[in-house]
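[1] based on what follows, work out the 3D shape:
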Amino acid sequence: MPDNKTYTGGCHCGQVRFECTTDMAMVTACNCSICTKKGLHFVFLDPSSFQLRAGAENLKEYLFNRHAIHHQLCIDCGVDVFARGKKPDGSDVVALNVSCIDGIELSKLTLTPVDGRSR
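    Residues are numbered from 1 along each chain as shown. A predicted model of the protein is given here:
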């Protein structure tokens, strides 16, 4: 079982910065329209494991489809850093774009396919 680690990261221009703790056990490879077009891969976190360290004023929210996932994009560089939403049980969740983690290499992660296109 993977161990929890603390990661830092942010958007491309550096205005938005975060810190999170996760075991990176499940990183999604979703085939929905937005994940496909943006190349997004998310790890899902309990909100208590995610801290926005800088740039709250630089975030713009993007909603689509059912308006259930609140995507947070940097207004300067346009990077989709994270999203807020609800799990099926109704509890809050943060979906972190793993490509925004400092020093991450997607090729070294195990991606879990998710069929978001059918939802």
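[2] C-alpha only now, for contacts and for neighbours.
    Noted.
[3] low-confidence ranges, this structure, go.
    Judged by pLDDT under 70, the chain has its weakly predicted residues at 1-2.
[4] centroid-nearest residue for it?
    Of all residues in the chain, the one closest to the mean position by CA atoms, centre = their mean is Leu96, 1.9 Å from it.
[5] excluding chain neighbours, what is closest to that one?
    What sits nearest to Leu96 in space, not counting adjacent residues and going by CA to CA, 6 or more residues apart in numbering, is Phe82, at 4.4 Å.
[6] the one you found contacts Ser99, correct?
    No: here Phe82 lies out of contact with Ser99, judged by CA atoms under 8 Å, at a distance of 10.2 Å.
[7] more neighbours: these two, which one.
    The neighbour count for Phe82 versus Ser99, taken as other CA atoms under 10 Å, is higher for Phe82 (27 against 20).
[8] how about whichever strand or helix holds the more buried one: buried residues?
    Using DSSP states H and E, Phe82 falls within strand 80-86. For strand 80-86, burial by neighbour count (16 or more other CA atoms under 10 Å) applies to 80-85.
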